[in-house]
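S.K.: Got a sequence here, can you build the structure:
(chains A and B)
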Protein chains: 2
Amino acid sequence: MDIKTLQTDIHTALAGLQYGEHPVELYEPIRYIMSLGGKRMRPLLVLLGYSLFDDNHQKAMNAALSVEVFHNFTLVHDDIMDEAPLRRGKPTIHQKWNTNTGILSGDVMLVQAYELLLDIDSAHLKRVIGKFNRCAAEVCEGQQLDMNFEHIDAVPEADYLNMIRLKTAVLLGYSLELGGIVANANKVAADLLNGFGVNIGVGFQLMDDLLDVYADAAKFGKQVGGDIIANKKTFLLINALKLAEGKTKQALERWLSLTEFDKAEKVQAVTEIYNHLGIKALTEAKMNEYFDMGLQQLDAIEANETAKAALRAFTVQLMNRDR
Amino acid sequence: MDIKTLQTDIHTALAGLQYGEHPVELYEPIRYIMSLGGKRMRPLLVLLGYSLFDDNHQKAMNAALSVEVFHNFTLVHDDIMDEAPLRRGKPTIHQKWNTNTGILSGDVMLVQAYELLLDIDSAHLKRVIGKFNRCAAEVCEGQQLDMNFEHIDAVPEADYLNMIRLKTAVLLGYSLELGGIVANANKVAADLLNGFGVNIGVGFQLMDDLLDVYADAAKFGKQVGGDIIANKKTFLLINALKLAEGKTKQALERWLSLTEFDKAEKVQAVTEIYNHLGIKALTEAKMNEYFDMGLQQLDAIEANETAKAALRAFTVQLMNRDR
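M.R.: Presented below is the predicted three-dimensional model:
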């Protein structure tokens, strides 16, 4: 149940995964993207969900890998749609090879996610695949909404929260619930695990929105203010557009409309507008609302108390990342 | 067991399928592509495979629709990769909307194919999804090989046959076998159904290659000689390149190298080279080899003899299409 052990076991299992050989043009990009690393957060959540009810976490390992392969499939296709040149500091598949390779290798990864899931007990299969289907469709819906929002000036806060729930949070909920189901958790516990995952997932995305502006530049892996530079419709910008009035609103809209600008100057100016409007506190309040809802659901699960305390500690540690 | 009845039932079931509503940008393209029609050959094969062992074909209907949705998913993504502007005479999804919509709507369709498959009896689920996964990965492998062949001058005949087996034939084999399994066919019968489907599938693709050149223009839905104009590496061209010598080889290679030419003149010239080399008889012999292998496997299945005769008659009728 030690987190380091679970992470090591996930690493070992991932390294041993066989994706396929022929044609090499199809399978090499899959090995490439899967080898780029990442936090492996989702398979860890599967194993942590499992550990609440049973010790033998290897029984859920292929289910855990299924989620990681699925997550990477979404990254491969999203990177094409977003025209992203880099992923984890390395060229994306469509950049290193081409768009067709990205589409087709991604398709095979989605199929492989289903194949890994077949390792679970037959008794759970229909229910779990149904949940996975729902989750996978919702992730696509979230990506579509995210792309839609690029062309909408005023995105309602509720629509934004729904988008991040679909695009990123439902997969965390599914991961935890999957682990629970494989460990034969009852329906009440499985639902609570799912709710816990979805709520902390929305919270984490709000934290990402916050960190983009308010992270400690020395600790933050990315450029601070990247979302501001790109006019990305984050929770912060959506609320700033709603709250700003008069000269503040004019200044904000001017920065959004400029096609040429000094990046540092724009980041500083928009951050000052956020400060003036109290956007940081407002976002933190919403984030903590989701975190609290999630933790309450975790607390309500009837499970091994030691395992629950470890999952709680791990989650709380993530909630305090770089802040 | 009457084919017309099965086709009508498929049509009705397809018309009643709910793909999803929100966001409309994701689901409208799915409704569009699924409404464009087509022969609905694969769901028909599922129901025909089922009918060999049981009368109540509605039990296999959602499994049949699963295959049709999967097939259309492959068309949506292949059309992006092949930059195809038209599908069944209408704009392709990426043409009517954009590439991102084609990628994402296609992804959801693959998920929906799995969802429809969940309707089958739990007892068969793990085995059937495993077979579907293998089939889906092979279809992607076939598409990758097909794209690879565009950049290879001399494609070996065996590699070409393997490519068309993967890209188009394995799905016919899977469709028939799926129907059989849902009707509780034993393993020997299911394997024979699969083999039958794969072999006639390869035969049908060779027939497509032949029809492109030798079809009756009045009956053929497409431009005769389209493959010749596009230098498509069909079974005919691969063998012509292998067999041609001296001036014939020079003439063939000259036609392949020209970037500007009169289309009718090229079609006529290359067809004459094919005639000179006996390519038509050679392709027909290979095609009939596959058809014969397939029909022998069908004959060997222990099943309802009336249903088998109907499936045989339907297949033989397809084998004599427009020739």
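S.K.: Setting the sequence-adjacent residues aside, check what's closest to residue A:165.
M.R.: Of all residues not flanking residue A:165 in the chain, residue A:202 sits nearest, at 5.4 Å (CB to CB, 6 or more residues apart in numbering or on different chains). (Glycine included, C-beta is placed from N, CA and C.)
S.K.: Residue A:315 now?
M.R.: In space, residue A:315 is closest to residue A:200, 6.0 Å off (CB to CB, 6+ apart).
S.K.: picking up where we left off before, so which strand or helix has the residue nearest to residue A:165?
M.R.: helix A:187-214 (DSSP states H and E).
S.K.: Check the secondary structure at the residue nearest to residue A:195 when sequence neighbours are not counted for me.
M.R.: Nearest residue to residue A:195, sequence neighbours excluded (CB to CB, 6+ apart): residue A:297, at 4.5 Å. What DSSP: H, G, I helix; E, B strand; the rest coil gives for residue A:297 is helix.
S.K.: I'd like to know which residues of chain A are adjacent to chain B.
M.R.: Residues of chain A lying close to chain B (CB under 8 Å from any CB of the partner chain) are A:20, A:22-23, A:25-26, A:77, A:80-81, A:99-100, A:103-104, A:106-108, A:110-112, A:114-115, A:118, A:122, A:125-126, A:129-130, A:133, A:136-137, A:140-141, A:143-145, A:147-148.
S.K.: Next one: the residue nearest to residue A:315 from chain B, what distance?
M.R.: With distances taken as CB to the nearest CB, to the nearest Å, residue A:200 is found 25 Å from chain B.
S.K.: surely that residue meets residue A:292?
M.R.: No. The pair residue A:200 / residue A:292 is not scored as a contact, 10.0 Å apart, by CB atoms under 8 Å.
S.K.: who has more neighbours, the two?
M.R.: Higher neighbour count among residue A:200 and residue A:292: residue A:200, with 28 against 12, using other CB atoms under 10 Å in any protein chain shown.
S.K.: give the contact list for the more buried one.
M.R.: The contact partners of residue A:200, taken as CB atoms under 8 Å, 6 or more residues apart in numbering or on different chains, are A:169, A:172, A:290, A:291, A:294, A:295, A:315, A:318, A:319.
S.K.: Try it again at 7 Å.
M.R.: When contacts are counted by CB atoms under 7 Å, 6 or more residues apart in numbering or on different chains, residue A:200 touches A:172, A:290, A:291, A:294, A:315.
S.K.: Take these and keep only those in strands.
M.R.: Among the contacts of residue A:200, no member falls in strands (DSSP state E).
S.K.: Which members of the residues you listed occur in helices, if any?
M.R.: A:172, A:290, A:291, A:294, A:315 (DSSP state H).
S.K.: for those, which one is nearest residue B:56?
M.R.: Residue B:56 lies nearest to residue A:172 out of the ones in helices among the contacts of residue A:200, by CB to CB, at 42.0 Å.
S.K.: Hmm, residue A:196 and that closest one touching each other?
M.R.: No. Using CB atoms under 7 Å, residue A:172 makes no contact with residue A:196, being 8.8 Å away.
S.K.: Excluding its own residues, what touches stretch A:21-41? List them.
M.R.: Contacts to stretch A:21-41, defined as CB under 7 Å, 6+ apart, come from residues A:7, A:10, A:14, A:19-20, A:68, A:72, A:76, A:87-88, A:90, A:93, A:97, A:101, A:104-105, A:108-109, B:140-141, B:144-145, B:148.
S.K.: Pull out the buried members of the residues you listed.
M.R.: Buried by 16 or more other CB atoms under 10 Å in any protein chain shown: A:7, A:10, A:14, A:19-20, A:68, A:72, A:76, A:87, A:93, A:97, A:101, A:104-105, A:108-109, B:140-141, B:144-145, B:148, out of the contacts of stretch A:21-41.
S.K.: So residue A:259: helix, strand or coil?
M.R.: coil.
S.K.: Quick check: the gap between it and chain B.
M.R.: 23 Å.
S.K.: how many other residues sit next to that residue?
M.R.: 4.
S.K.: Pop out the phi and psi values for it.
M.R.: When read as degrees, to the nearest 10, the backbone of residue A:259 gives phi -90, psi -20.
S.K.: swap in residue A:40?
M.R.: Dihedral angles (degrees, to the nearest 10) for residue A:40: phi 50, psi 40.
S.K.: which stretches of chain A aren't confidently modelled?
M.R.: Counting by pLDDT under 70, chain A contains low-confidence ranges at A:1, A:221, A:321-323.
S.K.: Please repeat the previous calculation with a cut-off of 90.
M.R.: Counting by pLDDT under 90, chain A has low-confidence residues at A:1-2, A:37, A:153, A:215-224, A:320-323.
S.K.: Strands along that one, start to end?
M.R.: Secondary structure of chain A by DSSP E: the strands cover A:86-87, A:90-91.
S.K.: Show residues contacting stretch A:166-183.
M.R.: A:42, A:45-50, A:52-54, A:59-60, A:63, A:67, A:71, A:120, A:124, A:128, A:131-132, A:135, A:138-139, A:141-143, A:145-146, A:189-190, A:193-198, A:200-202, A:205.
S.K.: send the alpha carbons of it over as CSV?
M.R.: Extracted C-alpha coordinates of stretch A:166-183, given in CSV (Å, rounded to 0.1, in the frame of the first residue of the first chain):
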residue,chain,number,x,y,z
LEU,A,166,-15.7,15.9,-18.8
LYS,A,167,-12.3,16.5,-20.3
THR,A,168,-10.1,15.6,-17.3
ALA,A,169,-12.0,14.8,-14.1
VAL,A,170,-14.3,11.9,-15.1
LEU,A,171,-11.2,9.8,-16.0
LEU,A,172,-9.9,10.2,-12.4
GLY,A,173,-13.3,9.2,-11.1
TYR,A,174,-13.4,6.2,-13.4
SER,A,175,-9.8,5.1,-12.4
LEU,A,176,-10.6,5.1,-8.7
GLU,A,177,-13.9,3.3,-9.2
LEU,A,178,-12.3,0.7,-11.5
GLY,A,179,-9.8,-0.2,-8.8
GLY,A,180,-12.6,-0.5,-6.3
ILE,A,181,-14.7,-2.7,-8.5
VAL,A,182,-11.9,-5.0,-9.3
ALA,A,183,-11.4,-5.4,-5.6
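S.K.: By proximity to chain B, which residue of the stretch 201-323 of chain A wins?
M.R.: Scanning the stretch 201-323 of chain A for the residue nearest chain B gives residue A:233, at 15.4 Å (criterion: CB to the nearest CB).
S.K.: my guess is that residue contacts residue A:147, does it?
M.R.: No. With contact defined as CB under 7 Å, residue A:233 does not reach residue A:147; the gap is 11.2 Å.
S.K.: hang on, the earlier thing: narrow the residues of chain A next to chain B to those in helices?
M.R.: A:25-26, A:77, A:80-81, A:99-100, A:103-104, A:106-108, A:110-112, A:114-115, A:122, A:125-126, A:129-130, A:133, A:136-137, A:140-141, A:143-145, A:147-148.
S.K.: Narrow those residues to those that are buried.
M.R.: A:25-26, A:77, A:80-81, A:99-100, A:103-104, A:106-108, A:110-112, A:114-115, A:125-126, A:129, A:133, A:136-137, A:140-141, A:143-145, A:147-148.
S.K.: Please determine how far residue A:99 is located from residue A:73.
M.R.: Here the criterion is CB to CB, to the nearest Å. By it, residue A:99 lies 15 Å from residue A:73.
S.K.: actually residue A:294, not the one I wrote
M.R.: 26 Å.
S.K.: May I see the buried residues of stretch A:277-290?
M.R.: Within stretch A:277-290, the residues that qualify as buried by neighbour count (16+ other CB under 10 Å) are A:277, A:279, A:282, A:283, A:284, A:286, A:287, A:290.
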